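Colleague: Can you look at this prediction? I've put the sequence above it.
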Amino acid sequence: KAGVTQTPRYLIKTRGQQVTLSCSPISGHRSVSWYQQTPGQGLQFLFEYFSETQRNKGNFPGRFSGRQFSNSRSEMNVSTLELGDSALYLCASSCRQGLEFQPQHFGDGTRLSIL
Amino acid sequence: TQLLEQSPQFLSIQEGENLTVYCNSSSVFSSLQWYRQEPGEGPVLLVTVVTGGEVKKLKRLTFQFGDARKDSSLHITAAQPGDTGLYLCAGLYNFNKFYFGSGTKLNVKP
């Protein structure tokens, strides 16, 4: 069974630009969550999508947005990039249904560096 | 302020030693998970504990969920270099959202 695939693995951008990251979940998983991981803050929850709808949102500014497609693939967009957005962005999928939160399976992340 | 506090932050031990990592909160969690993350990779799930007081064993790793479901511990017996990595706890809050601890970076020296 293929795991969670994130693309690209590495990305270098400059301040003010925007970026789109992609996540393909495990086949059959309808829930996709996004996290930001930095040395100082650890893993911070960004948002969760389920069946193309955002179900939960973390405490990040509106520059961070996402969407999910009918095939459960998800994209995350960050606009007007700031130096502090440099981080490892992780995507996790699960076969969550209703309140039954099944274990999350993580991809290997996209390392975003802002110059 | 983290909802889940992990301690210690760093741990460097010799092969064969035992160690315990703690994950504490003032909040009650529906369930709690432990992950291990290696450099350049995403976290990999080790275990999920759901019931207060639950103890789960995975070879040399023992996981415990506190009776009140506010804390958890991970104990490793006879640590090996292959146990090296970042250990993360994650609590499911209100059956809704996962909160991660800040992590414990473990280095096991041969």
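Modeller: Structure's in. What do you need?
Colleague: looking at chain B, which helix or strand is least sure?
Modeller: strand B:97-100 (a mean of 86; mean pLDDT, DSSP states H and E).
Colleague: any idea which helix or strand comes after that strand?
Modeller: Reading on from strand B:97-100 to the C-terminus, the next helix or strand found by DSSP states H and E is strand B:104-109.
Colleague: now could you export just the CA positions of the strand ranked longest in chain B as PDB?
Modeller: Determined from DSSP state E, the single longest strand within chain B is strand B:85-93. In PDB, the C-alpha atoms belonging to strand B:85-93 read as follows (Å, rounded to 0.1, in the frame of the first residue of the first chain):
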ATOM      1  CA  GLY B  85      15.200   9.700  17.000                       C
ATOM      2  CA  LEU B  86      12.700  12.300  18.000                       C
ATOM      3  CA  TYR B  87       9.900  11.000  20.100                       C
ATOM      4  CA  LEU B  88       6.600  12.900  20.000                       C
ATOM      5  CA  CYS B  89       3.400  12.500  21.900                       C
ATOM      6  CA  ALA B  90       0.100  13.700  20.500                       C
ATOM      7  CA  GLY B  91      -3.200  14.000  22.300                       C
ATOM      8  CA  LEU B  92      -6.600  13.900  20.700                       C
ATOM      9  CA  TYR B  93      -8.600  16.800  22.200                       C
END
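Colleague: Describe which strands the least confident helix or strand of chain B pairs with in its sheet and in which direction.
Modeller: Strand pairing for strand B:97-100, determined by DSSP bridges: strand B:85-93 (antiparallel).
Colleague: on that earlier part again, go ahead and produce CSV holding the CA coordinates of the least confident helix or strand of chain B.
Modeller: This file holds the C-alpha atoms of strand B:97-100, laid out as CSV (Å, rounded to 0.1, in the frame of the first residue of the first chain):
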residue,chain,number,x,y,z
LYS,B,97,-7.9,17.9,16.9
PHE,B,98,-4.4,16.6,17.7
TYR,B,99,-2.0,18.5,19.8
PHE,B,100,1.7,17.5,19.7
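Colleague: Could you list the low-pLDDT ranges of the chain?
Modeller: I went with chain A, as the question did not name one. A:1-2, A:96-101 (pLDDT under 70).
Colleague: Oops, wrong one, chain B.
Modeller: Judged by pLDDT under 70, the stretches of chain B that qualify are B:1.
Colleague: what's the closest non-adjacent residue to the closest residue to chain A within it?
Modeller: Ranking the residues of chain B by distance to chain A (CB to the nearest CB) places residue B:42 first, at 3.3 Å. All C-beta spots, glycine's among them, are computed from the backbone N, C-alpha and C. Residue nearest to residue B:42 in three dimensions, not counting chain neighbours: residue A:106, with 3.3 Å by CB to CB, 6 or more residues apart in numbering or on different chains.
Colleague: Count the neighbours of the one you found for me.
Modeller: 22 (other CB atoms under 10 Å in any protein chain shown).
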